[in-house]
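S.K.: Could you look at this predicted model? Sequence included:
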Amino acid sequence: MADTMRSHDSGTLNASFEGKPVRVAGWVHSRRDHGGVYFFDLRDRSGLLQVVVHPEKAEAFLAAGKLGAEYVVSVSGKIQRRPKGTENPKLPTGEIELNVDTLTVLNTCKVLPFEIDEHSNVNEEVRLRYRFLDLRRRRMLRNLTMRHTVAMAARNALAAEGFLEIETPILTKATPEGARDFLVPSRLNAGSFYALPQSPQIFKQMLMASGVEKYMQLGRCFRDEDLRADRQYEHTQIDVEMSFVEEEDVHAACERMMKAIFKAAVGVDLRTPFPRLDYIEAMRRFGSDKPDLRYGYEIADLTEELRTCGFKVFGGAVAAGGVVRAITCASDYSRSEIDKLTDLAKVYGAKGLAWIKWTETGPETPIAKFLTPAELSAIKAKTGAKPGDTTFFAADKEIAAATVLGAIRREIIGRLKPAPSAPWHFSWVTRFPLLEWEADEKRWTFAHNPFTRPLDEDAPRLDTDPGAVRSHQYDLVLNGVELASGSIRNHSGEMQRKILGLMGFDAAEQQRQFGLLLSALDFGAPPHGGFGMGLDRLTALLCGEDSIRDVIAFPKTQKGADPLSEAPSPVKDKQLKELHIKLDLPPASAPAA
């Protein structure tokens, strides 16, 4: 049924409507005066439509002469073909125009702080201050539409498999999940605080203990951590949990959901199952636990070839139980470029960066005198180096060396911009370490989250070598971006307590922080697992955006501020007194009275 103010959306009209009366409404995108005839482009969410107003329609013509950019209007008339030679093939409505009978101005518009144009170069602070204007741009409307499409496809795909969408609390209890909590003071419980959830983790596990079996939610998550292009204080997670499953069951359910999303969003039929990479293999071959597999540039292991090397950096690293790894690229780096790469390597923990430039006359490198011809030949053979290539080395403990070369690999790809092997490349990275050593606090901490189940064959090592224990933790990676993270959980209270104990939580602290979950596990929780997928990150990738701020309707700046609503902001003393809160700020930070 048509709306009162319009019979059609502007962008849906085409030549098949020629001669038919229509009424449309929207914003004046641009206006032109062509020899006593007014033209303007009318914009609504569906697209643009050219409107022409002739002087014979005196009232409409008078109104058209006063139109400004972003005036809101409703117009009626008949659709006609544009004169031959004036068509615009770039627009779906480019063959037609609306010949106006009536024109009603529904609202005027002040002078704009920036043009509503795709190519206008506007400071992000200004864009966010006037976000209601920024969102009128075609690109931003496209992004929000894509977000909606992704969300609906996920919901529909999961609902078709029997998942129930269940909301979990926003005001909850603080639990250690890897980031700083946002705290909310309780008025009725003086001195106590709620925490906004970093994820619905504990509640979805309790839903599994409740017999729900298949849960999903587009859950809001809150983390007080430094912001960047792919991180906001609040984000949305496609959150899924399943009972009576192992890893492959969860992976398959996620892959079916992703097939539905990509079909709906970009018309792509994804090939499943996605490739699997063990964490250690991913680090060894690509130097990252979220490798971009659209490109080559694999890391070569030269540990055995250089075990007795005269270059002490290499030989010493191997003697100390470390490795020697290398990566080669088809580029003749200059010394200044190598110096920049060396600085990058140091950021990731290296003391320096050894290198070889391969030329027609032989290797060019400061370390040539320490390497035998046989060792140089082995390096060349193992890395596939040829004249014009450059090889970079890292010698250290295995993960440390991998991390350095992973950073170098990303820089190489960014510099050379090779053609990707495919537009979309998914992979599962599996079997992450369960625990990692926190040197400053001298205790074990969780590598991903504290609720992950160890591999059955590794569980005995919890008593002897906790750092060697692998887990049922897995990440879904798309084009080098961690898209989803999940695990098979501990459904045994005994195992969960053991792991929490290794992390330094005594029985009392376990009960204080995790009592609600431990209680649920003790009362017959089934085996269960799931994942949380970043809706914002996925939408940004599908839209080709570098920042998730451009796929969120009302995001925060990198400093955590919202220029539109002016949040965060001081509150009145009365509100603080009701919450039994007294501020203790340095004078320079005190809020204005």
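M.R.: Arrived safely. Being a predicted model, the structure only gives us computed values, none of them experimental.

S.K.: what about the residue nearest to T93 when sequence neighbours are not counted, distance to P586?
M.R.: Leaving out its chain neighbours, the residue that sits closest to T93 by C-beta to C-beta, 6 or more residues apart in numbering is L49, at 5.0 Å. Glycine gets a C-beta too; all of them are placed from N, C-alpha and C. Computed as C-beta to C-beta, to the nearest Å, the L49 to P586 distance reads 57 Å.

S.K.: can you tell me which residues contact the closest residue to E95 other than its chain neighbours?
M.R.: Spatial nearest neighbour of E95, chain neighbours left out: A15 (4.8 Å); criterion: C-beta to C-beta, 6+ apart. By C-beta atoms under 8 Å, 6 or more residues apart in numbering, the residues touching A15 are R81, E95, I96.

S.K.: before we move on, what about M216?
M.R.: A154, R155, L158, A159, F163, L164, E165, I166, I238, D239, V240, E241.

S.K.: Next, work out how far apart the residue nearest to E95 and T145 are.
M.R.: For A15, the distance to T145 - C-beta to C-beta - is 25 Å.

S.K.: Quickly find the element holding E125.
M.R.: Per DSSP states H and E, E125 falls inside helix 124-129.

S.K.: For that helix, C-alpha coordinates in PDB please.
M.R.: This file holds the C-alpha atoms of helix 124-129, laid out as PDB (Å, rounded to 0.1, in the frame of the first residue of the first chain):
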ATOM      1  CA  GLU A 124      35.700  12.700  11.000                       C
ATOM      2  CA  GLU A 125      35.000  14.800  14.100                       C
ATOM      3  CA  VAL A 126      32.600  17.000  12.000                       C
ATOM      4  CA  ARG A 127      31.000  13.900  10.300                       C
ATOM      5  CA  LEU A 128      30.300  12.400  13.700                       C
ATOM      6  CA  ARG A 129      29.000  15.700  15.200                       C
END
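
S.K.: Please identify the buried residues of the helix or strand immediately after that helix in the chain?
M.R.: Per DSSP H and E, the first helix or strand lying C-terminal to helix 124-129 is helix 131-134. Buried positions in helix 131-134, judged by neighbour count with 16 or more other C-beta atoms under 10 Å: R131, L133, D134.

S.K.: Touching, the first one and F554? I think so.
M.R.: Yes. R131 is within contact range of F554, at 6.0 Å (criterion: C-beta atoms under 8 Å).

S.K.: Now the common contact residues for the two.
M.R.: L564.

S.K.: okay, now A561: neighbour count?
M.R.: 16 (other C-beta atoms under 10 Å).

S.K.: my guess is it meets P568, correct?
M.R.: Yes. Counting by C-beta under 8 Å, A561 does reach P568; the two are 7.0 Å apart.

S.K.: quick one: least confident helix or strand in this protein?
M.R.: Across the helices and strands of the chain, mean confidence by mean pLDDT, DSSP states H and E is lowest for strand 362-364: a mean of 88.

S.K.: That strand pairs with which strands?
M.R.: strand 354-359 (antiparallel) (DSSP bridges).

S.K.: and stretch 542-555, C-alpha only, in PDB?
M.R.: C-alpha atoms of stretch 542-555 as PDB (Å, rounded to 0.1, in the frame of the first residue of the first chain):
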ATOM      1  CA  LEU A 542      31.900  -6.900   3.200                       C
ATOM      2  CA  CYS A 543      31.600  -3.100   2.600                       C
ATOM      3  CA  GLY A 544      35.300  -2.600   2.000                       C
ATOM      4  CA  GLU A 545      35.600  -0.200   4.900                       C
ATOM      5  CA  ASP A 546      38.900   0.100   6.900                       C
ATOM      6  CA  SER A 547      37.100   1.200  10.100                       C
ATOM      7  CA  ILE A 548      34.100  -0.300  11.800                       C
ATOM      8  CA  ARG A 549      33.100   3.200  12.700                       C
ATOM      9  CA  ASP A 550      31.700   3.500   9.200                       C
ATOM     10  CA  VAL A 551      29.300   0.500   9.600                       C
ATOM     11  CA  ILE A 552      28.000   1.600  13.100                       C
ATOM     12  CA  ALA A 553      25.200   4.200  13.100                       C
ATOM     13  CA  PHE A 554      26.500   6.200  16.100                       C
ATOM     14  CA  PRO A 555      30.100   5.300  16.900                       C
END
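
S.K.: residues making contact with it?
M.R.: Contacts to stretch 542-555, defined as C-beta under 8 Å, 6+ apart, come from residues 124, 128, 131, 135, 139-140, 142-144, 146-147, 150, 229-232, 235, 265-266, 534, 536-537, 539-540, 556, 562, 564-565.

S.K.: Mind checking which of the residues you listed land in helices?
M.R.: 124, 128, 131, 139-140, 142-144, 146-147, 150, 265-266, 536-537, 539-540 (DSSP state H).

S.K.: Which among the residues you listed count as buried?
M.R.: Buried among the ones in helices among the contacts of stretch 542-555 (16+ other C-beta under 10 Å): 128, 131, 140, 143-144, 146-147, 150, 265, 536-537, 539-540.

S.K.: which one of those is nearest G529?
M.R.: G529 has its nearest neighbour among these in R537, at 21.1 Å by C-beta to C-beta.

S.K.: got a list of what the closest one touches?
M.R.: So R537 contacts D230, V481, E482, L483, I548 (C-beta under 8 Å, 6+ apart).

S.K.: can I get those in JSON lines with distance to G467 and neighbour count?
M.R.: JSON lines is the format used below for those (distance: C-beta to C-beta, whole Å; neighbours: other C-beta atoms under 10 Å):
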{"residue": "D230", "distance to G467": "29", "neighbour count": "17"}
{"residue": "V481", "distance to G467": "28", "neighbour count": "15"}
{"residue": "E482", "distance to G467": "22", "neighbour count": "17"}
{"residue": "L483", "distance to G467": "27", "neighbour count": "21"}
{"residue": "I548", "distance to G467": "34", "neighbour count": "25"}
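
S.K.: Max pairwise distance over those: which two?
M.R.: The most widely separated members of the contacts of R537 are E482 and I548, with 13.0 Å between them, by C-beta to C-beta.

S.K.: Test for you: state the pLDDT assigned to R131.
M.R.: As predicted, R131 sits at a pLDDT of 96.

S.K.: Provide a list of residues in contact with it.
M.R.: Contacts for R131 (C-beta under 8 Å, 6+ apart) come out as A553, F554, L564.

S.K.: swap in P176?
M.R.: P450, Q513.

S.K.: before we move on, what about C329?
M.R.: Y297, D389, T390, I412, L416.

S.K.: how deep is the third one tucked in, by neighbour count?
M.R.: To tie it back to what came earlier, the one meant is T390. Neighbours around T390, by other C-beta under 10 Å: 22.

S.K.: can you pull out the strands in the stretch 301-450 of the chain?
M.R.: 323-329, 354-359, 362-364, 390-396, 426-430, 435-438, 443-446 (DSSP state E, counting those that start in this stretch).

S.K.: Can you tell me which of these is nearest to Y71?
M.R.: strand 426-430 (46.6 Å).

S.K.: So for the closest one, mean pLDDT?
M.R.: 98.

S.K.: neighbouring strands for it, and are they parallel or not?
M.R.: strand 276-278 (parallel), strand 473-478 (antiparallel).
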